[in-house]
Structures are given as structure tokens and as C-alpha cells.
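**Student:** 3D model of this:
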Amino acid sequence: MATRDFHLSYTVYDSVDALPSEDAALMRAALDATRLSYAPYSRFRVGAAARMQSGAIVSGSNQENASYPVGICAERTLLSVASTLYPGEPIDTLAVTAAGSREPISPCGICRQSLLEFQGRTGRPLRLLMGGEFGPVWVVEDARGLLPLAFTTDNLLP
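**Tutor:** Presented below is the predicted three-dimensional model:
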């Protein structure tokens, strides 16, 4: 029998203003994306912005639906846009935030799985910035850290 531990290392910045300028701009782009959110039911407006490996910026926002399961989170909207506009290109850094939030928000479980799958497809770690409109920002260098014991393509039978 063996006991193993999971450890997640992340950096905490006091605010968006404390981030390096390139990351602060990305967080502001994610906040701008919240304006495109369609969230009449939850009123939880989430925006995401990513800097592609080429330097291009892509954004997405959550899109709710009266039939709740068919809504889509900001992160998955962004991944769809990125993989359509820049097929095969890795994301360098992805920022996610919510309008009005004073606490960092992190991707939900299905988004964590989607981020990990995207990272696996491109073969490059996906760096995450997670914040609210106000307050601290958490930085994780590899999306894999958010989903220990993940189900991946390696688990699929041949």
C-alpha cells in the first residue's frame, strides 16, 4: 500500500494591478468579455480571455439557456473560438473572471476537463489566471494541477 499526495502550487497577487503588465491586460480583456455574457438566470457574468502562442487575444463569455444543461461556460466558449480561429495553436495563458466578484473564480469541473483536453491536444501547458473583478488573482502554471487523477485519452481503450 502506498499513500500519495496531491500538491497544487499557485502564486497569489493582491490585485490585477500587481500582475505583470501583459497578464494585467489579459485579465482586463476577460473582464471586458463579461459584458458579452448572456446570464439572465444566474446573473453570474463570466468572461475569459486567452493569449495564444502567436500573441493573438481570444475571448469568450458564458451563455446561459432556459434549458440549463445546454448553457456553456466562458472557458469552453473561448476554447471553441480559439480552436476554430487558430487550429492546433497552443494557448499561452488564459484568464477568467466574473463581473462584480471580489474573490478569484476557478473553472468548474467540466471546464477543467476541457482545458486539460485542449492542453493535451496542443502538447503545451496551459497557464491560468483566476480572479474576480476586484481582489486577489491566482496564477497556476499548468491546468493539469486543477484536475488531479484526470480522465484523459490515455484512459480510453484502444
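**Student:** run a quick neighbour tally on the nearest residue to Glu64 once chain neighbours are set aside.
**Tutor:** The shortest distance from Glu64 to any non-neighbouring residue, by CB to CB, 6 or more residues apart in numbering, is to Gly71 (4.3 Å). Using the backbone N, CA and C atoms, a C-beta is placed for each residue, glycine as well. The tally of other residues near Gly71 (other CB atoms under 10 Å) stands at 16.
**Student:** mind listing the helices for the protein?
**Tutor:** With helices called from DSSP state H, the chain shows them at 21-33, 74-85, 109-122.
**Student:** between the last one and helix 74-85, how big is the angle?
**Tutor:** Interaxial angle of helix 109-122 relative to helix 74-85 (axes from the mean of the first three to the mean of the last three CA atoms, to 10 degrees): 30 degrees.
**Student:** any idea of the mean pLDDT in helix 109-122?
**Tutor:** Across helix 109-122, the average pLDDT comes to 95.
**Student:** report the backbone C-alpha coordinates of it in PDB.
**Tutor:** Taking C-alpha atoms only, helix 109-122 is exported to PDB below (Å, rounded to 0.1, in the frame of the first residue of the first chain):
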ATOM      1  CA  GLY A 109     -15.200  20.600 -13.400                       C
ATOM      2  CA  ILE A 110     -16.300  20.300 -17.000                       C
ATOM      3  CA  CYS A 111     -14.200  23.300 -17.900                       C
ATOM      4  CA  ARG A 112     -11.200  21.800 -16.100                       C
ATOM      5  CA  GLN A 113     -11.600  18.700 -18.100                       C
ATOM      6  CA  SER A 114     -11.900  20.700 -21.300                       C
ATOM      7  CA  LEU A 115      -8.800  22.800 -20.500                       C
ATOM      8  CA  LEU A 116      -6.800  19.700 -19.800                       C
ATOM      9  CA  GLU A 117      -8.000  18.100 -23.100                       C
ATOM     10  CA  PHE A 118      -7.000  21.300 -25.000                       C
ATOM     11  CA  GLN A 119      -3.700  21.300 -23.300                       C
ATOM     12  CA  GLY A 120      -3.100  17.700 -24.300                       C
ATOM     13  CA  ARG A 121      -4.000  18.300 -27.900                       C
ATOM     14  CA  THR A 122      -1.600  21.200 -28.200                       C
END
